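Trainee: Quick one, what's the 3D model for this:
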Amino acid sequence: MDAWSGIRRDPDHKRHALSPRSGFIRDKETWAEVWAAWRGPDPLPEVDFDNDVVYATASPGPNRLGPEITIHPEEGRVFGSSTTTKLGGPYVSYLLIQARRKGVTEFRGKSPEKYRDERQP
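Mentor: Take a look at the predicted model:
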């Protein structure tokens, strides 16, 4: 499992808007777009989306994000949310966690396949 976090300038909140509502990234195109916006020139890590998923969360402002992910591997369930401080400003704070998707049949109470890859408002 790999994880990346950071804070980037985001005066028009376009970077924050890339955060998927579902809470996870399931394809290479979305991964590349979010990575470029949130990580800039850092080399894009290879993710095998047949076997892995990237949990993604963001918050406007220069905040600290804390993941709260509970995994019940015997049941195939994953519950995820994040906590954040509440500072405002022209920034986006983000957290990306790459994890195995094998055996995950439920994320936040739904099948991962039922989530649409919508962006934040």
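
Trainee: residues touching the nearest residue to residue 25 once chain neighbours are set aside, list them.
Mentor: Nearest non-adjacent residue to residue 25, counting by C-beta to C-beta, 6 or more residues apart in numbering: residue 54, 4.2 Å away. For the C-beta atoms, the positions are set from N, CA and C on the backbone; glycine is no exception. Residues in contact with residue 54 (C-beta atoms under 8 Å, 6 or more residues apart in numbering) are 24-25, 31, 47, 96-99.

Trainee: Can you tell me which of these is nearest residue 6?
Mentor: Of all those, residue 6 sits closest to residue 96, with 9.2 Å by C-beta to C-beta.

Trainee: circling back to that earlier point, for the contacts of residue 54, give me TSV that also has neighbour count and pLDDT.
Mentor: Converted to TSV, the contacts of residue 54 look like this (neighbours: other C-beta atoms under 10 Å; pLDDT from 0 to 100):
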residue	neighbour count	pLDDT
24	24	80
25	26	88
31	20	95
47	20	94
96	24	88
97	19	84
98	20	86
99	18	79
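
Trainee: Among those, which ones are in strands?
Mentor: The strands, defined by DSSP state E, take in 24-25, 96-99 from those.

Trainee: isn't residue 44 right next to residue 34, touching?
Mentor: No. The pair residue 44 / residue 34 is not scored as a contact, 10.1 Å apart, by C-beta atoms under 8 Å.

Trainee: out of the two, which sits in the more crowded spot?
Mentor: The neighbour comparison of residue 44 against residue 34 (other C-beta atoms under 10 Å) goes to residue 34, with 21 against 11.

Trainee: Can you verify the more buried one is assigned to a helix?
Mentor: Yes. With DSSP: H, G, I helix; E, B strand; the rest coil as the criterion, residue 34 is part of a helix.

Trainee: Tell me if I'm right that it and residue 25 touch.
Mentor: Yes. The pair formed by residue 34 and residue 25 meets the contact definition of C-beta under 8 Å, at 6.2 Å.
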